[in-house]
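A.B. asks: Using only what follows, build the 3D model:
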Amino acid sequence: MKSSSSWLLSKKQWTWQCSPGLTCEPTTWHMGKSSESTIQIPSRGSSMTIERIRKLEAIGFVWNFRHYAWNQQYLNLVAFKKQTSPDPDQQHCNVPQDYPANQTLSTWVYKQRTHYGLLQDDKTSSMTIERIRKLEAIGFVWNFRHYAWNQQYLNLVAFKKQTSPDPDQQHCNVPRDYPANQALGNWANTQRTQYRFLQEGKKSSMTIERIRKLEAIGFLWDVHNA
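C.D. replies: Numbering: from 1, shown residues only. Below is the predicted model of the structure:
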């Protein structure tokens, strides 16, 4: 028996504190990069016993509710991914921010990206290495805007290839009102607008990397004067 006033139950993430004669209550949630932590329960002043612990666990009592809740939402995300497409290669985890079927899942996905960013900035975060691995294993995208841009870029590359069988005649001039893919037409126009903002010294989402990628496939910034 340890001489200190507490004993440990491994793989739990709560720290319990008790006043003499009072029931223990969880007071600290151990955040951090480690996927495992401990639960500390004072051996004195607590009504919790090994027998009670065993009885509660026998009926599926959850000690670490936050961990349990996270896993439940993770399972919801896995289910969402499977229903996005019958083709596994086309499935994704990009839950819309305003997802009427499960708004809670939308909020949860947003929080995962937020806490991942906080972790990258060495700030207090609930994101752990274990959670990162689980999310990345199902293809979770941390930077959705970057991902969405690249998806449209690939659509533009595909559009160019179908404009002509002759590579020298192919072009990236997607009509703004393009019935086959209206989103691509809007995206191409947005790239030109953001490029112009950058040239004018205004706030812009256009980057040097994006300029290079677009120019590498012959994208024209001014189709009217081409």
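A.B. asks: Show which residues not belonging to the helix or strand that contains Phe197 make contact with it.
C.D. replies: Element membership for Phe197, per DSSP states H and E: helix 182-199. Helix 182-199 has contacts (C-beta atoms under 8 Å, 6 or more residues apart in numbering) with 152, 155-156, 159, 172, 174-178, 203-206, 210-211, 214, 219, 221-223. For glycine as for every other residue, the C-beta is placed from the backbone atoms N, C-alpha and C.
A.B. asks: can you give me the helices for this protein?
C.D. replies: Using DSSP state H, the helices of the chain run over 50-58, 65-84, 103-120, 129-137, 144-163, 182-199, 208-216.
A.B. asks: Just the CA trace of the third one, in PDB.
C.D. replies: Translated: helix 103-120. C-alpha atoms of helix 103-120 as PDB (Å, rounded to 0.1, in the frame of the first residue of the first chain):
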ATOM      1  CA  GLN A 103     -25.400  19.700 -36.300                       C
ATOM      2  CA  THR A 104     -23.600  18.300 -33.300                       C
ATOM      3  CA  LEU A 105     -21.200  16.400 -35.600                       C
ATOM      4  CA  SER A 106     -20.600  19.500 -37.600                       C
ATOM      5  CA  THR A 107     -19.600  21.400 -34.500                       C
ATOM      6  CA  TRP A 108     -17.400  18.600 -33.300                       C
ATOM      7  CA  VAL A 109     -15.500  18.400 -36.600                       C
ATOM      8  CA  TYR A 110     -14.900  22.100 -36.500                       C
ATOM      9  CA  LYS A 111     -13.600  21.800 -32.900                       C
ATOM     10  CA  GLN A 112     -11.200  19.000 -34.000                       C
ATOM     11  CA  ARG A 113      -9.600  21.300 -36.600                       C
ATOM     12  CA  THR A 114      -9.500  24.200 -34.100                       C
ATOM     13  CA  HIS A 115      -7.800  22.100 -31.400                       C
ATOM     14  CA  TYR A 116      -5.400  20.700 -33.900                       C
ATOM     15  CA  GLY A 117      -4.400  24.200 -34.800                       C
ATOM     16  CA  LEU A 118      -4.000  25.100 -31.100                       C
ATOM     17  CA  LEU A 119      -1.700  22.000 -30.700                       C
ATOM     18  CA  GLN A 120       0.400  23.100 -33.600                       C
END
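A.B. asks: Now stretch 182-198: average pLDDT?
C.D. replies: Mean pLDDT, stretch 182-198: 96.
A.B. asks: Buried ones among the contacts of helix 182-199?
C.D. replies: Buried by 16 or more other C-beta atoms under 10 Å: 152, 155-156, 159, 172, 174, 206, 210-211, 214, 219, 223, out of these.
A.B. asks: Fine by me, we can end here.
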